[in-house]
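J.: Need coordinates for the below:
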Amino acid sequence: STPKEFYVPISKYLWDDEGNAEGLATIRIDSLPSKNGKDSIAWKDADVTSITAELINKNSGLLVTVDTSDANYRLHIPKLYGEVKSVKHVSKTKRLLIRLSKKRTWDKTNFQPWPHP
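T.: Residues are numbered from 1 along each chain as shown. Predicted structure coming up:
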C-alpha cells in the first residue's frame with residue numbers, strides 16, 4: 001500500500017456551474033488516475049476507503065482526498081474563482097460529486113457561472 005505522505009494528483013474532472021440562483025457548483029470525478037499515470041481506474045472499480053473534502057485558503061480553495069486500498073489521491077485547487085460557503089461530497093456508484101455552495105455577495109455576482117478551475 002502507498003504511504004499516506006504520497007498522493008497521486010487528480011487532474012481529470014468535470015466542472016459544472018450553471019450560475020443558478022442557489023449558487024451551487026459541482027465537480028464530478030468519474031475516474032482516478034493509475035499510479036503509473038498512463039491509465040485510469042473507473043470510479044466504480046476503485047476500492048475507496050475514505051473521502052474528505054475541505055475548504056482551504058480562507059474558503060477560496062479546495063482540497064479533496066480519496067483513499068483507496070491501492071493508493072491515495074488528491075485534488076488540490078488552491079484558488080477558486082470566488083469564496084465558497086460550504087463543501088460536501090457524495091459518492092455515487094459511478095462517480096464522486098463535490099458540491100460547492102458559493103458564498104452570496106451583496107450584488108450576487110458570485111452566483112454567476114465560474115470558469116473551470
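
J.: List the contacts of the helix or strand bottoming out on mean pLDDT in the chain.
T.: Taking mean pLDDT, DSSP states H and E as the measure, the helix or strand of the chain with the lowest value is strand 8-9, at a mean of 92. Identification of contacts with strand 8-9 by CB atoms under 8 Å, 6 or more residues apart in numbering yields 2, 32-33, 35, 37, 71-76. Where you see a C-beta, it was placed from the backbone N, CA and C, and this is true even at glycine.

J.: What pairs with it, parallel or antiparallel?
T.: Paired neighbours of strand 8-9 in the sheet (DSSP bridges): strand 72-77 (parallel).

J.: May I see the buried residues of whichever helix or strand comes after the partner strand?
T.: Downstream of strand 72-77, the first helix or strand assigned by DSSP states H and E is strand 84-91. For strand 84-91, the neighbour count (16 or more other CB atoms under 10 Å) marks 84, 87, 89 as buried.

J.: got a pLDDT number for the nearest residue to the second one once chain neighbours are set aside?
T.: Closest residue in space to V87, ignoring its immediate chain neighbours: A53 at 4.9 Å, by CB to CB, 6 or more residues apart in numbering. Confidence at A53, expressed as pLDDT, is 97.
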